[in-house]
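Engineer: Generate a structure from the sequence data that follows.
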Amino acid sequence: MLGADLWSVSDPRVFVTAPDNPEEGRAFVWARTQWFERMTSDTGAVEFSPMSGMDEHDLREWLSGQGEDRTELDNEFSRVVREEFLEQNPLYPESPELSNQE
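Structural biologist: Numbering: from 1, shown residues only. As a prediction, this is how the structure comes out:
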């Protein structure tokens with residue numbers, strides 16, 4: 001599997017910290033075997049930052065320590081986040097054969 005094909009076999013699940021207004025809270029994606037946090041820049045660009053070494057229990061505890069919880073969504077917002085996630089270009093500097101960057 002190379003490049004974006006790596007994510008195409010994934011069925012990403014979307015979790016948010018503010019289910020009533022997901023755009024205002026934090027969004028997390030569980031894909032394959034890893035958590036990613038959705039980050040949006042001031043320009044509106046979206047990226048997904050890997051949360052290294054965290055399983056579901058770790059993420060729950062980490063968010064709880066910040067006074068937050070996560071809720072899985074399956075609505076229009078989660079569909080947009082899934083599309084953004086699947087359209088990203090994963091880069092693996094330690095494994096250039098998996099990178100789609102020259």
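Engineer: max-length strand in this structure?
Structural biologist: strand 34-40 (DSSP state E).
Engineer: Phi first, then psi, for Glu23.
Structural biologist: Note on Glu23: backbone dihedrals following degrees, to the nearest 10 are phi -70, psi -20.
Engineer: who touches the helix or strand hosting Phe48?
Structural biologist: Here Phe48 sits within strand 46-50, counting by DSSP states H and E. Applying CB atoms under 8 Å, 6 or more residues apart in numbering, the contact partners of strand 46-50 are Val29, Gln34, Trp35, Phe36, Glu37, Arg38, Met39, Thr40, Ser41, Glu84, Phe85, Gln88. For every residue, glycine as well, the C-beta is placed using N, CA and C.
Engineer: For that strand, which strands pair with it and how are they oriented?
Structural biologist: Strands that pair with strand 46-50, judged by DSSP bridges, come out as strand 34-40 (antiparallel).
Engineer: Pull the partner strand out as CSV, backbone CA atoms only.
Structural biologist: Output in CSV follows, covering the C-alpha atoms of strand 34-40 (Å, rounded to 0.1, in the frame of the first residue of the first chain):
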residue,chain,number,x,y,z
GLN,A,34,-4.1,5.3,15.6
TRP,A,35,-5.7,8.5,16.9
PHE,A,36,-5.3,11.8,15.0
GLU,A,37,-6.4,15.3,16.1
ARG,A,38,-7.9,17.5,13.5
MET,A,39,-6.2,20.9,13.5
THR,A,40,-7.4,24.0,11.6
